[in-house]
Structure formats: structure tokens, C-alpha cells
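J.: Need coordinates for the below:
(chains A and B)
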Protein chains: 2
Amino acid sequence: MKFTVAQLNYHIGNFTGNKDLICKAIRKAKAAGSDLIIFSELCIPGYPPLDLLDRLDFIEKCDHTVKEIAKECTGIAAIVGSPTINKKHEGKKLYNSALLLSEGKVIFSANKALLPTYDIFDEYRYFEPEKQFSVFLFKGIKLAITICEDLWDEQPFDNEFEKTRLYTVSPMEELARQNPDIIINIAASPFSYSKIEAKENIFISKAIKYKIPVISVNQTGANTELIFDGASIVVNEKGEVFNQLPFFEEAVETYTFENIKSGSIAKRDTKTDSISLIHKALVTGLRDYFTKTGLKSSIIGLSGGIDSAICLCLAVDALGNENVRALLMPSRYSSDHSVRDAITLADSLKVHYDIVNIEKPFRAFEEDLAPVFKGMNRDVTEENIQARIRAILLMAVSNKYGCIVLNTSNKSEAAVGYGTLYGDMAGGLSVIGDVYKTDVYRLAGFINRESEIIPENIIRKLPSAELRPDQFDTDSLPDYNILDLILYQYIELQKPASRIISEGAERDTVLKVIRMIDFNEYKRYQAPPVLRISSKAFGAGRRMPLVARY
Amino acid sequence: MKFTVAQLNYHIGNFTGNKDLICKAIRKAKAAGSDLIIFSELCIPGYPPLDLLDRLDFIEKCDHTVKEIAKECTGIAAIVGSPTINKKHEGKKLYNSALLLSEGKVIFSANKALLPTYDIFDEYRYFEPEKQFSVFLFKGIKLAITICEDLWDEQPFDNEFEKTRLYTVSPMEELARQNPDIIINIAASPFSYSKIEAKENIFISKAIKYKIPVISVNQTGANTELIFDGASIVVNEKGEVFNQLPFFEEAVETYTFENIKSGSIAKRDTKTDSISLIHKALVTGLRDYFTKTGLKSSIIGLSGGIDSAICLCLAVDALGNENVRALLMPSRYSSDHSVRDAITLADSLKVHYDIVNIEKPFRAFEEDLAPVFKGMNRDVTEENIQARIRAILLMAVSNKYGCIVLNTSNKSEAAVGYGTLYGDMAGGLSVIGDVYKTDVYRLAGFINRESEIIPENIIRKLPSAELRPDQFDTDSLPDYNILDLILYQYIELQKPASRIISEGAERDTVLKVIRMIDFNEYKRYQAPPVLRISSKAFGAGRRMPLVARY
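T.: As a prediction, the model looks like this:
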């Protein structure tokens, strides 16, 4: 008896593309003599399909695609994930199902019981939770087929206020009573650098608890903000990792049941280096955004600072230097080194760049607004005008050449609102909007690990928006080391101010930072989608009321 | 025995403000000799608190506020809505509760069982559904206390694919077995012009089914996008509407139980005119956005077209003409009548306006970009530059004077992406982003019902973006009557293209329109919050994947 794990990169709503990917893997598994090939959760429509699930025609397309794939399953069975219609009179209209296909038919289906509805997940919006569970005897082996969260009946949360046991049922406990031989888990589990170990431990703990092996199949690739790490895992009945598939890459591998049950421990890096994974995640996220929207090229406003430098490197890695352009937009306040450093970087990456000085439109705006602003002092208004002129220039090149503006704001700036709406906050996709500034420096170190790709000068200079003479980030913000620690505790860990202070942070700084975060919800509401690498990114995973007074 | 219905306007997270409102109503009810005053769902934190519910300190503030209000309840009882902690080992951390307060204590609590998790609702994100139900004997009367959706165990959906019975339990069926004397329903039910009758019918049908009266208490006022219509209702045991509180206004009214049980039918408009309610909803939404963010004044880019004209009228109604400024930003492509009509309107509303011609910055951009665009033709790029220059000017005045830019895009434009990101799509709040163009004309008719406030010329002229010579909306879009009908069927009713075509719409037009809607998800992702008046507005109630190919 042989099992095949298929870790693939699906595209939401692209039924033909997904079917082709799946059928190709089935043929490969057949060639390897496999009996059962396992795909990931909702692989038919791609994950997350969101409100496309509200359309009957979309569900009919899923059904049709499943039938087409079932026809391919001759001499081999396959488990695929798809939404199916809840035929009962009551409840949500759909189930999130795992379907076992064999000889042209669906021979068994299991529905998801634990529907994650927190952070970026909205599964109860669409799906009815299953309440009945049964194992399936396949070629003499009893399969306990579960879907992602179904195994997460206990889980650690970053926010201490959350319960470890989020659900009142445990599908695996129910299935265990029927003495399964193996746990199969099909997942669509997005990457978060702080959850790598926790994820593995879920599977290891279940293998140990039930004394049977676990195969967990995750997808890879990205769909807009969500980057799926793959890293599908096979744990033997002793709770040892027999094998793990690569991070952020497609892979199809076949194992005998005997190996899965009691195969020896895999040789692998036990310490996963988070910064290298973050790097790979961001490159994957960028690449798939372009591949899946059918777009080819990008443009970045290159300031000579570290954020845009990092984004340029990531874009070149993801898209190739021929598909990345840079636009340098110096102003009367730009220091000499800004343009020089930006050019050095663009040259070293062999990226095409243009230089457009923003002085002329800036002066035009100043002159035109002079009568309206008569008698009023210069303030942040004039700084914002400069940032917005740059957005107009970037968007103009974007419109003319059909390239997408990549937003280069980091998470620290986005958190405290240190950015201009419709200015440097513009762009089709935020590349490092989930990366704190201190991690931006770690990324720079990683990129320069072998040779100086990013000029040292860019890394060493004091961060500045250069929107007025001698301006530095530290004029308005605490040192990034201090800032990021507060941000992490407030955003990821959701600790109240009082707790952050009692644990040692300086009171006034904490209160000021939190005020800035809360005040700037309105800016983030209009920000581009952010490639998510943490357990709490800005965007759909964090929903804050705009008019709150709290 | 007397009951008081308190229909108030709460502010999310403003515990002091909400407490003061509530205590004032309690004192009024006491003066009227009331025994029980009923407030609406989650009135303590305000609705919807969203992810503030993830913070323990926020929940502790709720608890504290409830205790303070309980102290006020001497000689009178009160039902308030608040999140409470689920003390069980398993499940979500909170309940959505109705708390009965009397003589300083919580003497009874009922938790919500049916947690709406669709459209704009995310309640299962935070709350554990209750599974046990009991009535409460209060001064000889058995109260069946339910929370909003708890009575909606059957409901009509606009999307035919949805089930009428969305839940597998019916709290009211359970409570009915305990022979209650009255149904109390505390709600936080946002306005939707298509749901007015359906909402009433829920309460009427329950009164008829269980042969007991129903009191439903809704809140009023707006929190960002959501506008709560109030319209709290008292239905007698025959299923007749004994009384209904006003739409979009606070009200506190006291009734005897005898009247509630079998009082005569209320005199009220049975045909509610949707356009007048939409008008009132939008004014409420605008006013509360400013009141609750603590902002006073607004600015609107006045083009001489109907959309910005309507927005200006609404803003003047909501904020007063002294808190509204207009900015006229003609270009080389503006027709003479544009500026003239805009001035006429601003003058008639006594709104301050400035005129800034965009020619100078436009020429500066053209000159600066000439080397980058060498050899390329003029296209949509130059149109977008103009729209974005206007956004810079509006945002500059906003920054300088501390006024908020009101976005004037309508729903038809937003749907098909007929607008410029960071240009005319900019603004702090979208006033008519949930109003189709054909309804914009109806609003104009309503505003002009007694005298010509909006110049007829603005209403009669052909819609044009005036971004190139002799440009009209109909160059790129179908006639708005045709367009809006397709949009409504696709967005609100979620019908597939095939169905819209088979029901009579022209095939190529339908396919083109739907392609435009789908293609422009990325623009709407970055749009400002939209005042919601329909059953399916753009924003949090409609979640679409950006990289989908479907």
C-alpha cells in the first residue's frame, strides 16, 4: 500500500488550471505505483475562495471539476478538498469537504467540523460544521480523514485571552473510537513565522496520543495576502517526523504505509531560520501575485532608504530584473546620498531606472494653493503633497507601462501611521507591510549574507522620510528597537497598555505609541493588501472599528 | 406593569458616553413609573465592536460599566446588551448577552444562540452560541429574552442560493415550551432599504405564531459604514403593530403591558418611501461619522456633476453649511457649465468654495514625464493624472484645515471601476458609494421636491468625467438604466451571468459588465468605507479574492 502526498500551488477560481495540476500529480503517482494520492483542503476552488462560495454557479463548477478528476482516478484513489452542498433543510448551504475519489466516483466524503473563524479565517461564514464522524476502510487500512482545523481542537494562541480549547467537539476523539490506522489531514494553512513549531507539534502530538501515523498535506504558493508554506509532514506512529516536504515549493512524494508507520526519523534542519523563511515567503507572495493576476512587471519608488531597497531586491528575486523598474523622485529635501545610493543599488541589480525630480509639480501645487492657504504656516500638508506627487508619478508609469506599483511601507510605519495616504501608502501590493523595521534590517543582513547587494550606506544611514530639511524618523517616533517591541506586544500579543507598561516599557512611550496605532486605523483601512508573514498582519485578519473611542 | 423601549445612539468603546445615555434613559423611565427598561444589543460597548472584543481590558470595561449601570437600577429593572466571558473550559471566549439588571445586580442573563456570520456580520468570530434557553419570571410576567438573530430562525435572503433556515436550532421554539407571556428582542440591526418589510414581518410572524406580544428594541445612529435605523417595534398578541419608534432618531417610550398585549393598531405610514429613508440614512451616517470621530468639517470636490452635488446637499444637511467647503478644480477639458453650475449650487447652499485650476500641476507632470513616456501615445494615464491632482488638492486642504474629504463616487462607478484609485476614489468616507446612479437621480428628485436646490442643469446634463474632450460616461459604459439593473442582479442578488442573460439582459453587455466588476476588485479593496444602505454594499460585507480567475 502506497500513499502520495501532493503539495501544490492552486489558483482561486481557476478550475482548469487546478484540474490540470491535480491530474498531472495523479499521473505521476500512478507511475510510482501509488494507491492513494492526497491533495490539500479546498484544492478544487483554491483557498480562500471567500464570497465566491456564495455563488451557486461557482459551486457547480467545483462539482463538475471533481467529477472530471474522478474520471482520472483509475487504478488509484485520490482525496481532494472541495465545497459541497449541504442537502439538509437547515444550516449553512455548504460543507468544507474531503472527497475520496476512485474509479470515476466519489466513494466517501468527510466534512470539516471545526471551522476557524478568527484572524484571517471566516469559514463559518460559508460552511456548516459536521457533527458526525466515521473512518473509511480503504484497501484494508482504516483512514481517519480530517480537514485542517479538525486536528486543532487544542491550540496555543498568541493572545492569552483566547481559550486553548476553542471548540466543544473533537473530531479526532470521535474518530479514534473507531480505531483508525492512520490520520490523514488535508490543510490550507498559511505561513506565519511564529507558528512553524506549533504547527508541527499538533501533528506530532496527535500521532503520540493515538499511536498511529499522521499525514498532513498543505498547499503551497500565495493567494494575494496569504502565503502557504507547504511543509506537508508525515509523522510516524511514535510521533517522529518521518518526512517533511519543502517550504514554499511544489512537491509530490510517494511512501509505503510501512515507512509512514514506522520509518526512521527524517534528516532535516530542526532549527528553522525564520528570516530565511520570511524571505522565501515574501518572494513567493510577490511572484504568485503577479503570476495569478497575469501581470508581469512592477515598479518601485526607490528612495535610497532601506525599505525600498529591500523591496527592490525581493521583486528582482521574484520577477527577474527585466520585470522590475525603479523610479527615483528626489526633491529639494533629498540628500545627495539618497539618489547616489539608489542608483548604486539599481545598477548592481541591473534594474532599469528613471529619475524625475518632483520640484516642478511641487512648486505648481504650492503656487496654486497659496491663495487658499493665505496666512497659514507650512506644516505636514506640504510633506504630504510631496509624498502624493510621488504616488502620481509611480501610478502614471504604472498606467502607461502596465506595471504594478509595489508598496514599500514596513509594518512599524503602517502601525503608527507614519506614512501618507495616497502617497507612500499607495501601491497594488504591500511587500513588507507585515515586516517590522527591525526585521527589515535582518532581511537586509540576510540578502547581503554572501555579498554586498544592498549598499552598506543604505543600511547604515539614519531612517528619514526626507520631506523637510534634516528630518529623521526618530524626530517623531521612538527608536525602532523600542517601538517594535511595543508594537509586537500590542498587535500580535494583544496585551493592554497597562500590561506592556508593567512588564517594563516606558509608560509615556507606550501610551503615545498605542494612541498612534488606534488613531491611524482609518489610514490602514485604505492600504493595499499586505503579504502576511506574522500571526497578526494588518488587513483582513485584524478588523477594527474606525469611529471607536477606545 | 410598564415597559420602556430605549432606542439610543451608542458609540463604540465610548463607555462613559454610552453609560451616560443609558442612565439618562433609566431616569426618564423611572419618572414614567416604568418597571423594566429595555436597551439594545451590545449597547454597552456599542455595535459592532469588532476585534476590540479580542482584548481582555475591553471586556473588563464592559463588565465595569454594567456594574455602574446596575447601581442606577433601583426601583426599576433594565435589560442591557454586553459581551460576557464564557467561563466554560471550551468554546469561544465570549457570549453576546442580554443582562437583566435590578437593584445593583445582574439577576438574569440570556446569551445569543444564532450568531449571524454573513455579509457584514462576524459574530461567530467572537461569540460562543448558547445552547440552553430559559424564560425569566419578572413581576409575574414570563419574559422570553432573545437577542436579534435569535428570532430570525427563518429568513428570506436576496441570494436564492442561501437557505431560509440558516440555523439548526430555534431559540424561540425552545423558549415557547416554557409558556412565556412576552417576547423581548434586543437588536443591533443595520438599515437596508430592501429589508424594511422583511424585518417587521419577522416580529409580526412570531407574535402570531406564539400568540404573545413582541417588543423589539433596535439602536439608531451610525458607526462608520453601518447605519442603524431604530424603528423599534411593539407588536401585540394578534400580530398587529401597536407602535413603532421613529427611523434614525433616538426615542424613549413607555407602555403598559396591557397595551402591549392588545393595544390598538398604530397609525403609521404603511408604505415607507425608500428614497426618503435612504436620504435620512445617509444624513445620519454622515453626521455620526463626524460626531463620533470628533471631527467637525468636511470638504467636497465639486465638479458640476450630479454625484458631488448630491453629496454637498447631504453634507450640508448633516453638518451645517458652515462645516462644509467645496473645491472646484476645473481643467482644460472642463465645460463652461461645470464651473458655473457648481458655483450656483455652492452659492445656493451658502457653502464656502475655492477654485483651483489644475492646469499648472498637470502641465508640470506632463513635462516631467515626457522623457519617460517618449514615443508613447496619450491614454488613460493622463486622465488619471488629472483625477489624482484633484485628490492632492483636496487632501492638501484637508490637511491644512483639518476637514475630511468626502468621497463622491456612486455605486455604479465603484462597481465597474469607473474611477481613479488615489484620485476621485479618495476620501475619508464614501457618501453615496452604496447608491446606484439611477438612485442618485431619485435622491436629486427628493432633495428638489419642494424647491430647486440642485440646479436642474446639473440633473439634466449627460454624465461625464471631463477628463478628455467630449467624454461621456456612455462612451465606456451602458446606459445607467441598463447598467444598474445588471449590477443589482449580480451584486445584491448574486445571480450568475447565465441567469441574468436568460432573464432578458443583453448577453454581451452582461458579460462586459461582469468582467468589469470582477476585474476591479483591487480598486475597491483600497476604497474608503461606504455608508451602507443596501443588502450588499462594497466593503466588509462583500469579500472577494483579488487574484482569482473566475
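J.: can you tell me how far residue A:435 sits from residue B:440?
T.: Residue A:435 sits 42 Å away from residue B:440, going by CB to CB, to the nearest Å. Any C-beta I mention is one placed from the backbone N, CA and C, and that applies to glycine too.
J.: out of those two, which sits in the busier spot?
T.: Applying other CB atoms under 10 Å in any protein chain shown to residue A:435 and residue B:440 shows that residue A:435 carries more neighbours, namely 29 against 26.
J.: The more buried one: what's it in contact with?
T.: Neighbour list for residue A:435: A:278, A:282, A:410, A:411, A:443, A:533 [criterion: CB atoms under 8 Å, 6 or more residues apart in numbering or on different chains].
J.: Tell me, how many residues neighbour the first one?
T.: Read it as residue A:278. Residue A:278 has 23 neighbours, counted by other CB under 10 Å.
J.: Could you tell me which residues of the stretch 51-200 of chain A lie near chain B?
T.: Listed as neighbours of chain B in the stretch 51-200 of chain A under the rule CB under 8 Å from any CB of the partner chain: A:51-52, A:54-59, A:61, A:86, A:89-93, A:117-118, A:122, A:124-125, A:128, A:159-163, A:165-168.
J.: sorry, back to before: between the contacts of residue A:435, which sits nearest residue A:347?
T.: Nearest to residue A:347, judged by CB to CB, of these is residue A:443 at 20.9 Å.
J.: Pretty sure that closest one sits in a helix.
T.: Yes. According to DSSP: H, G, I helix; E, B strand; the rest coil, residue A:443 belongs to a helix.
J.: where does the stretch 401-550 of chain A come near chain B, residue by residue?
T.: Going by CB under 8 Å from any CB, the residues of the stretch 401-550 of chain A near chain B are A:421-422, A:426, A:428, A:494, A:496-498, A:522, A:525-529, A:540, A:542-550.
J.: which stretches of the stretch 251-400 of chain A form helices?
T.: Using DSSP state H, counting those that start in this stretch, the helices of the stretch 251-400 of chain A run over residues A:257-262, A:274-293, A:306-319, A:336-348, A:359-369, A:380-401.
J.: okay if I get these as JSON lines plus mean pLDDT?
T.: Output for the helices of the stretch 251-400 of chain A, formatted as JSON lines (pLDDT from 0 to 100):
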{"stretch": "helix A:257-262", "mean pLDDT": "94"}
{"stretch": "helix A:274-293", "mean pLDDT": "97"}
{"stretch": "helix A:306-319", "mean pLDDT": "98"}
{"stretch": "helix A:336-348", "mean pLDDT": "94"}
{"stretch": "helix A:359-369", "mean pLDDT": "98"}
{"stretch": "helix A:380-401", "mean pLDDT": "98"}
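J.: Quick check: phi and psi at residue A:500.
T.: Residue A:500 adopts backbone torsions of phi -60, psi -40, taken as degrees, to the nearest 10.
J.: My guess is it contacts residue A:487. True?
T.: No. The criterion here is CB atoms under 8 Å, and residue A:500 misses it with residue A:487 at 10.1 Å.
J.: quick revisit: how about the contacts of residue A:435 in a markdown table, adding distance to residue A:152?
T.: A markdown table is the format used below for the contacts of residue A:435 (distance: CB to CB, whole Å):
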| residue | distance to residue A:152 |
| --- | --- |
| A:278 | 23 |
| A:282 | 26 |
| A:410 | 31 |
| A:411 | 26 |
| A:443 | 30 |
| A:533 | 20 |
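J.: which one of these is nearest residue B:334?
T.: For those, the nearest to residue B:334 is residue A:410 (40.2 Å; CB to CB).
J.: Run a quick neighbour tally on that closest one.
T.: Residues lying near residue A:410 (other CB under 10 Å) number 28.
J.: now stretch A:202-212: how far from the chain's centre is it?
T.: Relative to the mean C-alpha coordinate of its chain, stretch A:202-212 is positioned 27 Å out (CA atoms, centre = their mean, to the nearest Å).
J.: Identify all contacting residues around that stretch.
T.: Here stretch A:202-212 makes contact (CB under 8 Å, 6+ apart) with A:144, A:151-152, A:155, A:172, A:176, A:180-183, A:185, A:213-214, A:216, A:233, A:235-241, A:261.
J.: let's see 6 Å
T.: Applying CB atoms under 6 Å, 6 or more residues apart in numbering or on different chains, the contact partners of stretch A:202-212 are A:151, A:152, A:176, A:181, A:182, A:214, A:216, A:233, A:235, A:237, A:239.
J.: which residues touch the second one?
T.: So that's residue A:152. Applying CB under 6 Å, 6+ apart, the residues contacting residue A:152 are residue A:202.
J.: try it again with 7 Å
T.: Applying CB atoms under 7 Å, 6 or more residues apart in numbering or on different chains to residue A:152 gives the contacts A:114, A:202.
J.: Spell out which residues make up each domain of chain A.
T.: With domains defined by automatic domain parsing, chain A comprises A:2-272, A:277-468+A:518-525.
J.: Let me have those in TSV, adding distance to residue B:24 as columns.
T.: Output for the domains of chain A, formatted as TSV (distance: least, CB to CB, whole Å):
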stretch	distance to residue B:24
domain A:2-272	32
domain A:277-468+A:518-525	27
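J.: And these: which comes nearest residue B:375?
T.: Closest approach to residue B:375 among the domains of chain A (CB to CB): domain A:277-468+A:518-525, 11.1 Å.
J.: distance between that closest one and the chain's centre?
T.: Put simply, domain A:277-468+A:518-525 sits 21 Å off its chain's centre (CA atoms, centre = their mean).
J.: Over to stretch A:538-546?
T.: Mean C-alpha position of stretch A:538-546 versus that of the full chain (CA atoms, centre = their mean) differs by 15 Å.
J.: what does stretch A:474-481 give?
T.: Computed by CA atoms, centre = their mean, the chain-centroid distance of stretch A:474-481 equals 28 Å.
J.: Just the terminal-to-terminal distance for it.
T.: End-to-end distance for stretch A:474-481, by CA to CA, to the nearest Å: 11 Å.
J.: For the stretch 101-250 of chain A, which segments are assigned as helices?
T.: For the stretch 101-250 of chain A, applying DSSP H, counting those that start in this stretch gives helices covering A:171-176, A:196-210.
J.: ditto for the stretch 451-550 of chain A
T.: Counting by DSSP H, counting those that start in this stretch, the helices of the stretch 451-550 of chain A are A:456-460, A:473-476, A:480-487, A:497-502, A:507-519, A:521-525.
J.: how about CSV for those helices, with mean neighbour count added?
T.: CSV is the format used below for the helices of the stretch 451-550 of chain A (neighbours: other CB atoms under 10 Å in any protein chain shown):
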stretch, mean neighbour count
helix A:456-460, 15
helix A:473-476, 14
helix A:480-487, 20
helix A:497-502, 16
helix A:507-519, 16
helix A:521-525, 19
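J.: For those helices, which has the smallest mean pLDDT value?
T.: Mean pLDDT across those is lowest at helix A:473-476; the value there is a mean of 88.
J.: if we look at that one, which residues are touching it?
T.: With CB under 7 Å, 6+ apart as the test, helix A:473-476 has contacts from A:418, A:463, A:464, A:465.
J.: Which residue is the nearest non-sequential neighbour of the third one?
T.: Leaving aside its chain neighbours, residue A:464 sits nearest to residue A:472 (4.9 Å; criterion: CB to CB, 6 or more residues apart in numbering or on different chains).
J.: mind checking how far the one you found is from residue B:540?
T.: 37 Å.
J.: buried residues in stretch A:344-357?
T.: For stretch A:344-357, burial by neighbour count (16 or more other CB atoms under 10 Å in any protein chain shown) applies to A:344, A:345, A:346, A:349, A:351, A:353, A:354, A:356.
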